[in-house]
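In: Predicted model and sequence below, questions to follow.
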2 protein chains.
Amino acid sequence: MDYPSTLLANAVSQLAKLPGVGNRTALRFALYLLKHEKETTFQLAESLVNLRSEIKFCMVCNSISDTDICEICSNKKRNSAIICVVETIRDVLAIENTHQYTGTYHVLGGIISPIDGISAADIDIEHLINRVRKGGIDEVILALPTTVEGDTTAFYINKLLQNCPISISAIARGVAIGDNIEFADEVTLARSITNRLPFNELYR
Amino acid sequence: MDYPSTLLANAVSQLAKLPGVGNRTALRFALYLLKHEKETTFQLAESLVNLRSEIKFCMVCNSISDTDICEICSNKKRNSAIICVVETIRDVLAIENTHQYTGTYHVLGGIISPIDGISAADIDIEHLINRVRKGGIDEVILALPTTVEGDTTAFYINKLLQNCPISISAIARGVAIGDNIEFADEVTLARSITNRLPFNELYR
């Protein structure tokens, strides 16, 4: 598309780099900013520059943080003997939102995926192993995606941690709360039967 | 949602102001920027600041432009005796993309919509009327949305221009190219029959 302004063309091409944003949406964003006060744009630009230039990665769990050690890792009320291993910071946010977990996290920053050229060395597994070896850890919970890549990564971590005196668990898989049994896929349903629980434990 | 970083929370809340972007998408954008080189973010921020602070509105047609008079209005090859009246710059881009129109434009910047509190005074109609009264205009093409608001605006402009020695036209409405007749809505189909053309004219 030809734009009547190189300033606009430039902004559109930059906005279109955002994930899931095509030229049409990028144009919509740009025209929205043009329609609103200058401050809106300046604040947006400033917040992005600040985010990118000042954000840190927690030295303990690899999650993003404003400080060297993130709020969760530095919170004395949290149980630092439990580590929940997740793929991305998005998973940390999702689990935090449940308000059910009081341990700490470890963000791998990816999962092993040969097809995408991501090997075990590309993600933060070594850091996790060192953290466990240092001691003081009772349990590692694997909360990785239920995909071939997620399972591969979980098996790999499980193998590396075999000699450590800790328990290794994985989050429960089964029919989602609110879902009809008839619409659950076969694999999920099969697993939910295999991993059935004593009724009283289900509503702990 | 609680974010582990105020920098992140700030960026997400700013990004979520963009049209059609919720917190979840804003977070996806922010994490995308964090995952990529700093330059990506800095270039994006710079392009937005430049766009917002340096863009101008064409003194003739009210379209956006890098200069006081836009590329279309200052292009001597374009027929300045024809003005195509559109709602937004987006419509200019859409019509330009057809490569079928060689006249100029007039961007109203909105349409009359009492329900949204937009009256004739809020959009750039006066400027258009002055442009026509100044002379040198043969035709005004109304290319406004086929909605109650678009029709109201078209009727209003048509009325104001009644005493001017120009022809006023509106873009053709009918069954879209490639559409099946059976799936066209009744109003469109009815209009396409009423406004039928001699066969030879259709394929001019």
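Out: Received, thanks.
In: Following the helix or strand that A:A11 is a member of in sequence, what is the next regular element?
Out: Per DSSP states H and E, A:A11 falls inside helix A:6-15. Helices and strands here follow DSSP H and E; after helix A:6-15, the next one along the chain is helix A:23-35.
In: Can you give me the buried ones in the helix holding A:A11?
Out: Of all the residues in helix A:6-15, those buried under the rule 16 or more other C-beta atoms under 10 Å in any protein chain shown are A:7-12, A:14-15. Glycine gets a C-beta too; all of them are placed from N, C-alpha and C.
In: now the angle between helix B:23-35 and that helix, please.
Out: For helix A:6-15 against helix B:23-35, the angle by axes from the mean of the first three to the mean of the last three C-alpha atoms, to 10 degrees is 90 degrees.
In: So for helix A:6-15, mean pLDDT?
Out: The average pLDDT within helix A:6-15 is 93.
In: Confirm that A:I82 lies within a strand, as I assumed.
Out: Yes: with DSSP: H, G, I helix; E, B strand; the rest coil as the criterion, A:I82 is part of a strand.
In: residues in contact with it?
Out: A:103-104, A:137-141 (C-beta atoms under 8 Å, 6 or more residues apart in numbering or on different chains).
In: a markdown table for the residues you listed, including distance to B:H127?
Out: Compiled in a markdown table, these are given as follows (distance: C-beta to C-beta, whole Å):
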| residue | distance to B:H127 |
| --- | --- |
| A:G103 | 64 |
| A:T104 | 62 |
| A:I137 | 71 |
| A:D138 | 73 |
| A:E139 | 70 |
| A:V140 | 68 |
| A:I141 | 65 |
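In: Restricted to helices, list those residues.
Out: Using DSSP state H, no member of the contacts of A:I82 sits in helices.
In: Nearest to chain B among these?
Out: Using C-beta to the nearest C-beta, A:T104 comes nearest to chain B of the contacts of A:I82, at 11.8 Å.
In: Quick check: the gap between that closest one and B:R24.
Out: Distance from A:T104 to B:R24, counting by C-beta to C-beta, to the nearest Å: 24 Å.
In: still on that earlier bit, can you narrow the buried residues of helix A:6-15 down to the ones near chain B?
Out: The residues of the buried residues of helix A:6-15 that also fall near chain B, by C-beta under 8 Å from any C-beta of the partner chain, are A:7-8, A:10-11, A:14-15.
In: what's the closest of those residues to A:A154?
Out: A:L15 (36.8 Å; C-beta to C-beta).
In: ok, the nearest residue to the closest one once chain neighbours are set aside - contacts?
Out: In space, and not counting its chain neighbours, A:L15 is closest to A:A26: 3.7 Å by C-beta to C-beta, 6 or more residues apart in numbering or on different chains. Counting by C-beta under 8 Å, 6+ apart, A:A26 touches A:11-16, A:18.
In: Now do the contacts for the residue nearest the centre of chain A.
Out: Nearest residue to the geometric centre of chain A (C-alpha atoms, centre = their mean): A:T88, 2.2 Å. By C-beta under 8 Å, 6+ apart, A:T88 lies in contact with A:107-110, B:31.
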